[in-house]
Every structure is written in C-alpha cells, then in structure tokens.
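coordinates only, sequence not included:
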C-alpha cells in the first residue's frame, strides 16, 4: 500500500465498522432546509447557537471564539468548553434528550459509531453547494477523514500527528544532514554519529504513555504496511506473534540499550517538559513532539531547526494521527445557522488566528509562509488514523503505557506478547 492510498484504506475500515448502516445515517436538511439563520425579524430576538467546541488545549481557541462572536452578531453564540474525556457521554446525552448543542467538537476519524447511530447531520449538500465552494477550502486528506459511505459528517479544523524536530547545529557537528524521510537504520546510524561526535544525546521522547508509545505504534504500522497488512492490523486481526511487534520491540530495545534515548538510564521516567527544555538547551539532537507544537519550539530555539518525519521501520513512513473537527447533530434546531457558524469559524480570517499560534490549519486557502509549518503540512499525505488498540481501555493502557517499559525492564518477549494477544483477543471476540 502506497502513501497515496492510505485514506482509501482508511475509509474502507470506517465503512466496515458500520454494520447495516448503509443509507441509515441521518440525511437531514440541505442548505434549503428552512432552518433559521440570523435573527427573528418579527421578534427582534437572535437565534441562539450552542457551540460545544471550545477545546482549550489550543491556545488559539479563546481568540477564535471571540472573533467568531464578533463576526456573527446576528447570532447569540454560547461558547461551551469541551472536556474530551467525557465528550461522548455529553454528546449522546444531549442528543437523546432532544436539546443538543448545535455544533460539537469531535474527531473526524472517530465518527463511525455516531453516524451508525444516526446522530450526525450529513454535511455533503453544504460542502458541495456552489460547485464545492466550501469543500474546496479544506485539505482533502483531512476532510476525507470525516467521510463515511460517500457522505461527509465532520469538517476538520486542524491535524495532530508526531514529528521529529532536528537541532541543525548538532547534526552539523556530527557530520550528518537532516533527511525529511529516513529508515530506522538511517535513524540509528545518525544516533551513533551524534553520540560519537558530539556531547549531546541523540534522541528524546517523553516517557508519558501517549508519547513513548509512538515508538511501538509507528514501528508496527510501518512494518505491517510493508507486507500490505496495515488494514488487518487496524482491524485487530494480526496476532502478537506475527513478527511485527517483536521486530519493533527489539529495535526500541537497541535504541534504549545504546543510550541513544535521552537521558539514557532515566529515559523511562522523563517528562515532556524536561525533554523540551533539554532540546532547547542543546542537549538533544532530535526531539519527538506533536506537529502543533513544532513551530513554537523552533521559534524558541537559539539554533536552526528542521522538522522531519518519523523514521520508518518498514519500507515507508506511516504517520499515526488524525484531525480535530466539528459535526452538527442530526436533530440540531438550526442546522443552516450552525453551518454558517462553522463556515465562519473555519474560514481564512479565524483560522489565521489558529495559524498564528503555531497550529497547522485545515484550511488550505490560507497562505502559510513559515517554512517549518510549510514542511509539516506536507506530512498529512502519510496519515493513517485507525489503530486496533483503541477499541478497549485495558488494551489501550497496556499497548501505550506498559508493553514497551515491561520489555525494556527485562520481561521476556513471550510474556510481553502473550499479554498483548490476550487483551487483543478479548477486545475483538
């Protein structure tokens, strides 16, 4: 499977999760639905829009919300803060109770169950109106994440995926050059050069579960993709003794035992703040971080920074991650007004605020001049958002937080993989 086919495969996975839902997703009103837009001229009252989309993890969100209210004075827009840990319950409770928010924050790649249960409005008529005027403002790879059975149910406002930030001075001292794409073998060779020729540690990634697990998750995805089994992996069909997990674990073990992983012995107990500080202090040659923080880190550095893709254990990079976005519930009181709000929020002016905080926007009509962001935004062609281990909480906890540390601390490979297979089988039985 080539990079350009990732999203085709991703959509097939999404379709397979929707059993018996063909034609069953909510096909509610297109633009001419008669839903309210603007205010009630007779009463002088504004139409109220409940925007359950203020994800305050983004430093841009407060400014975007304020500008949204300023640009649409004809609406009474209530800005509600999102708790991503309880968002599914909030969405289903609100919709089932008949008084949902008009717009919900949600991840496009995770819309399958919401669509299956007929909870989301089909946005296709709005996106394709006027020759696809709205549709054409989005980065295609990100918009397609919210497409199921040929219809769009979620529109993206940004992407999230891991990247590697390179300290160009350390690379120059080591006699190596940054490569946008590198194999695992090339990555390890660079680590050795940095270790031998500089005083810096070669590589840093936080020990927090959602960060250190990038090593195993990226590795297994890349390896399985090389044999055309990426979809099978995402479906939970690959047994732990398939060879991919063991290869990836042994690669990670070599990285750890050769002390390439900052700070060496304490690599499994290092925080994100600590590794970011070490990178900015010139103690680390390569830093693993999310794309959304790459610009702020590079601008804080007193040295030149290059951003490159995650090293591929298989023939080519597969980039785990996806997008953040919004959907409108099928029983929204004012769908047309909600669409107008989304168009304004995701338009050039407000998304430029998002960009100014260092976040790559999903609106492709915005001119991005910063070379770091320009580079990062080209990486979306490698995104593959579906992972088997998210199906069940215990499986997710083990795969992301326990498996790699257990193996590095001496647990034998048979026990490590045996536990993974038990949890996988329980999750997919």
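In hand now; what should we look at? Computed from a prediction, not measured in an experiment: that's the story for all the values here.

so residue 90 makes contact with residue 80?
No: look at residue 90 against residue 80 with CB atoms under 8 Å: they stay out of range, at 9.2 Å. No exception for glycine: its C-beta is placed from N, CA and C like everyone else's.

below-threshold pLDDT in the stretch 1-150 of the chain: ranges please.
Along the stretch 1-150 of the chain, segments meeting pLDDT under 70 span 1-44.

tell me where it has helices.
Residue ranges of the helices in the stretch 1-150 of the chain, as given by DSSP state H, counting those that start in this stretch, are 6-16, 61-71, 87-96, 112-116, 124-132, 140-143.

and of those helices, who's closest to residue 389?
Residue 389 lies closest to helix 6-16 among those, at 14.2 Å (CB to CB).

contact partners for residue 388?
233-236, 238, 395, 424, 427-428 (CB atoms under 8 Å, 6 or more residues apart in numbering).

pretty sure residue 292 sits in a strand.
No: using DSSP: H, G, I helix; E, B strand; the rest coil, the secondary structure at residue 292 is helix, not a strand.

how many neighbours does it have?
Using other CB atoms under 10 Å, residue 292 is surrounded by 23 other residues.

my read is that it contacts residue 360, right?
Yes: using CB under 8 Å, residue 292 is in contact with residue 360, at 7.0 Å.

can you list residues touching both of those two?
By CB under 8 Å, 6+ apart, residue 292 and residue 360 have these common neighbours: residue 158.

buried ones among the contacts of residue 388?
The neighbour count (16 or more other CB atoms under 10 Å) marks 233-236, 238, 395, 424, 427 as buried among the contacts of residue 388.

narrow those to those in strands?
Among the buried ones among the contacts of residue 388, no member is found in strands (DSSP state E).

mind putting those in CSV, distance to residue 245 and pLDDT included?
As requested, the buried ones among the contacts of residue 388 are arranged in CSV below (distance: CB to CB, whole Å; pLDDT from 0 to 100):
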residue, distance to residue 245, pLDDT
233, 10, 97
234, 15, 94
235, 16, 94
236, 13, 96
238, 8, 96
395, 13, 93
424, 10, 97
427, 16, 93
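
show me how this structure divides into domains.
Following automatic domain parsing, the chain resolves into domains at 25-160+321-384, 162-318+387-428.

now the end-to-end length of the shortest one.
Across its full length, domain 162-318+387-428 reaches 27 Å end to end, with CA to CA, to the nearest Å as the criterion.

do the same with stretch 71-91
By CA to CA, one end of stretch 71-91 lies 26 Å from the other end.

starting at the chain centroid, how far to it?
Put simply, stretch 71-91 sits 20 Å off its chain's centre (CA atoms, centre = their mean, to the nearest Å).

go through that stretch and flag the buried ones.
71-72, 75, 77, 79-80, 82, 87, 90-91.

which among those gets closest to residue 55?
Nearest to residue 55 among the buried residues of stretch 71-91: residue 82, at 4.7 Å, using CB to CB.

which residue ranges of the stretch 251-400 of the chain form strands?
Under the criterion DSSP state E, counting those that start in this stretch, the stretch 251-400 of the chain contains strands at 284-290, 305-308, 319-320, 322-327, 383-384.

any chance of those strands in TSV, plus mean neighbour count?
Compiled in TSV, these are given as follows (neighbours: other CB atoms under 10 Å):
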stretch	mean neighbour count
strand 284-290	24
strand 305-308	21
strand 319-320	23
strand 322-327	26
strand 383-384	26
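
with mean pLDDT added, can I get those in JSON lines?
Below are the strands of the stretch 251-400 of the chain laid out as JSON lines (pLDDT from 0 to 100):
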{"stretch": "strand 284-290", "mean pLDDT": "96"}
{"stretch": "strand 305-308", "mean pLDDT": "95"}
{"stretch": "strand 319-320", "mean pLDDT": "92"}
{"stretch": "strand 322-327", "mean pLDDT": "94"}
{"stretch": "strand 383-384", "mean pLDDT": "90"}
